[in-house]
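In: build me a model from this:
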Amino acid sequence: MTTPTRRARALALIAVSSAIALAFATPAALADDIPLAPGHRLVAPYEGAPAPARPVPGDAPDQHPYLAPNGRSGMHADGAGSGTHPFSGPLGRDPQVTSEKIAAVGGECATATFDAGGRLVSVCGTFSGFLLKLLDPRTLDTLAEYKLPQRSSTVEAITRLDFEKIFKDTSGGAYFYLDNRDRVVLADSRQHVLRIAHRQKTDGAWEFVVENDWDLTPLVPHDCVSWTNLFPSGVCDPITSVMPDHDGRVWWVTRLGRVGTVDPATGTLRSIRLDGEEIQNSFSVARDGVSIVSDHALYSFRADPDGTPRVQWRQSYDRGTGTKPGSVNQGSGTTPDLFGTGDAYVAITDNADDRMNVLVYRRGTDVPDAERLVCKVPVFGSGASTTDNSLISWGNSLVVENNYGYENPTTLTFGRSVVGGAARIDVRPDGSGCDTVWESDVRSPSTVPKLSTANGLLYFYEKQPNRLGIDAWYLTAVDFRTGKRAWSRLTGTGPAYDNNWAPITIGPDGTAYVGVFNGIVAVRDGG
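Out: Next up, the predicted model:
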């Protein structure tokens, strides 16, 4: 989420500062509003004007049979990774802001999903480990909680004083999905894939229950740093993400290029290795296969009858000569987007040195390699162009944002911001190429943006530079058709409101949620 993200990256999501001192951890029961830093009275609380709801025409991605309904299931909203929600988000009519602090330090709730009752299901990062949370969608109160194990990157950050370990770690459960029975499926830091249900007890209280626990350690090296293993001599390969295919298998990928499956009916495990390649993003699934991007190439996979992943096709891309500020590694920062009429296209970005390119490819196993690339469109300024978040796709349109310059919550303190920018790219109706429709100067440092197809608004999480040194964060709505800014609502001030790679998520009741460094923020229209 799409995560952090890369992308996604909501994913670095664990609060770095959480790692600084366990003594500061605050029990969930004591959670409160996220405090505002000084200066919130010196910035505009709201700019622009309410927007009319103008639904965008087009067909939503096919509903995946093993995921929760589109818009509810994960960081990128659906199996195709579209980044679109069928619900109307806030229109800017007297928007109200609420927040929930999950811990005194850290506590970011990145990926947000919604069960059939509209309750929020999220994973929040704390010092001692991720917390799987069930939250009331209006009050943001915790209804249930399940503690996941601590990530090795947290221990490394503390013992080696290298906090980038946390910010470049996309493992541990931040990329999870909600299945068609409202169960969370995630990979924890022990290299186990868990399927966890939530239920209401006879006394009315809610609880999480682990239904399945699949141990991947026979296939995945797991000599990882821990408090009892500070100097491991072997290999640690964290699991980045999990997603189901259309046959119900649970696919998983690891940082060091392993791609595998779990058969939920039998527990059978299968995997292959992409030697010398790294996977730090989530992936997308459709009827024609599983699309995965490494730091070298884009892949389409299917599973053999025994579950072994098999490459259908591979397309390398320009990975540049190094990691840019605003990227997790030297490669694409995007989760593949599966889009277009008739399962036509898949899109990612590359990591070209001067200007990043949006790349659109034809899907299908019968496409000659020379004809697979539809277009290669450079975006943003020379020497300042990268993204570590998924694209938005709707119809034949793509929206990309610029994350160049964002590294972690310290990057934007004292009123600083990034160069920013967003752009819409459309594939031509005849598939002969692509065109840039509009460019925007919105400064969204690190969020996974979203589109409400019900009202035609794109949502970004924005921070403008401030000469007074005030770090003010805004939910900003942009017209999908024109790229013009509609309105911006202040969510809060200070590093605690930095989203640190977490996505925006639009709920069934019209609320826009943003995971932030200290917890979660909700914005909804007044009245």
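In: how long is stretch 43-61 end to end?
Out: End-to-end distance for stretch 43-61: 40 Å, by CA to CA, to the nearest Å.
In: tell me the buried residues in it?
Out: Neighbour-count burial for stretch 43-61, counted by 16 or more other CB atoms under 10 Å, picks out 43, 47, 51, 56, 60-61. From N, CA and C alone the C-beta is placed, and that goes for glycine too.
In: redo the residues you listed as a markdown table? Include secondary structure, distance to Trp214 and pLDDT.
Out: A markdown table is the format used below for the buried residues of stretch 43-61 (DSSP: H, G, I helix; E, B strand; the rest coil; distance: CB to CB, whole Å; pLDDT from 0 to 100):
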| residue | secondary structure | distance to Trp214 | pLDDT |
| --- | --- | --- | --- |
| Val43 | coil | 48 | 98 |
| Glu47 | strand | 49 | 98 |
| Ala51 | coil | 45 | 98 |
| Val56 | coil | 39 | 97 |
| Ala60 | coil | 31 | 93 |
| Pro61 | coil | 27 | 94 |
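In: which stretches of the stretch 201-350 of the chain have low pLDDT?
Out: Within the stretch 201-350 of the chain, no stretch has pLDDT under 70.
In: which residues of it fall in strands?
Out: In the stretch 201-350 of the chain, the segments counted as strands under DSSP state E, counting those that start in this stretch are 206-215, 239-244, 250-254, 258-262, 269-273, 284-286, 289-293, 297-303, 309-316, 337-339, 345-349.
In: could I get these as CSV with mean neighbour count and distance to Ser488?
Out: CSV is the format used below for the strands of the stretch 201-350 of the chain (neighbours: other CB atoms under 10 Å; distance: least, CB to CB, whole Å):
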stretch, mean neighbour count, distance to Ser488
strand 206-215, 15, 35
strand 239-244, 28, 32
strand 250-254, 25, 36
strand 258-262, 24, 41
strand 269-273, 17, 46
strand 284-286, 26, 30
strand 289-293, 27, 32
strand 297-303, 20, 35
strand 309-316, 16, 38
strand 337-339, 28, 26
strand 345-349, 26, 26
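In: can I get these in TSV including distance to Ala104?
Out: Shown next, in TSV, are the strands of the stretch 201-350 of the chain (distance: least, CB to CB, whole Å):
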stretch	distance to Ala104
strand 206-215	23
strand 239-244	29
strand 250-254	33
strand 258-262	37
strand 269-273	40
strand 284-286	37
strand 289-293	37
strand 297-303	42
strand 309-316	43
strand 337-339	38
strand 345-349	37
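In: the ones you listed: which one's closest to Asp430?
Out: Nearest of those to Asp430, taken as CB to CB: strand 345-349 at 13.1 Å.
In: ok, back up a step: please name whichever of the strands of the stretch 201-350 of the chain is nearest to Asp525.
Out: Closest approach to Asp525 among these (CB to CB): strand 206-215, 27.8 Å.
In: same for the longest helix anywhere in the chain, what does it pack against?
Out: Counting residues, the longest helix found in the chain (DSSP state H) is helix 152-160. Other helices and strands packing on helix 152-160, by 3 or more CB pairs under 8 Å, 6 or more residues apart in numbering; DSSP states H and E, are helix 164-167.
In: right, and the helix or strand after the helix it packs on?
Out: As assigned by DSSP states H and E, the chain's next helix or strand after helix 164-167 is strand 177-178.
In: quick check: mean pLDDT of the next helix or strand along the chain from that next one?
Out: Using DSSP H and E, the helix or strand that follows strand 177-178 in sequence is strand 184-187. The predicted model assigns strand 184-187 a mean pLDDT of 97.
In: do stretch 520-527 as well
Out: On average, stretch 520-527 scores 95.
In: what does stretch 72-92 give?
Out: Throughout stretch 72-92, pLDDT has a mean value of 97.
In: show me which of the buried residues of stretch 43-61 is closest to Ala110.
Out: Taking CB to CB as the measure, Ala110 lies nearest Pro61 of those, at 21.7 Å.
In: list the residues that contact Ser327.
Out: For Ser327, the contact set (CB atoms under 8 Å, 6 or more residues apart in numbering) comprises 6, 333, 351, 386, 388, 403.
In: next: Pro221.
Out: By CB under 8 Å, 6+ apart, the contact set of Pro221 is 234-237, 256.
In: how about those residues in CSV, adding neighbour count and distance to Tyr461?
Out: Below are the contacts of Pro221 laid out as CSV (neighbours: other CB atoms under 10 Å; distance: CB to CB, whole Å):
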residue, neighbour count, distance to Tyr461
Gly234, 10, 39
Val235, 11, 36
Cys236, 22, 32
Asp237, 21, 32
Leu256, 19, 31
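In: picking up where we left off before, can you give me the buried ones in the longest helix of the chain?
Out: 152-158.
In: could I get those residues as TSV with pLDDT?
Out: Below are those laid out as TSV (pLDDT from 0 to 100):
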residue	pLDDT
Ser152	83
Ser153	81
Thr154	82
Val155	84
Glu156	83
Ala157	78
Ile158	79
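In: from these, which single one is nearest Arg119?
Out: Nearest to Arg119, judged by CB to CB, of the buried residues of helix 152-160 is Thr154 at 27.9 Å.
In: measure stretch 244-253 end to end?
Out: End-to-end span of stretch 244-253 (CA to CA): 12 Å.
In: chain center to it: distance?
Out: In terms of CA atoms, centre = their mean, to the nearest Å, the centre of stretch 244-253 is set 19 Å apart from its chain centre.
In: ok, back up a step: which two among the buried residues of stretch 43-61 are spaced furthest apart?
Out: In the buried residues of stretch 43-61, two members sit farther apart than any others by CB to CB. They are Val43 and Pro61, at 37.8 Å.
In: quick one on the thing from earlier: let me know the closest of the buried residues of helix 152-160 to Tyr175.
Out: Nearest to Tyr175 among the buried residues of helix 152-160, counting by CB to CB, is Ser153 at 14.7 Å.
In: what number of residues lie near the nearest residue to that closest one once chain neighbours are set aside?
Out: Nearest non-adjacent residue to Ser153, counting by CB to CB, 6 or more residues apart in numbering: Asp169, 3.9 Å away. Residues lying near Asp169 (other CB atoms under 10 Å) number 27.
In: now Asp169: how far from Thr154?
Out: Using CB to CB, to the nearest Å, we find Asp169 at a distance of 8 Å from Thr154.
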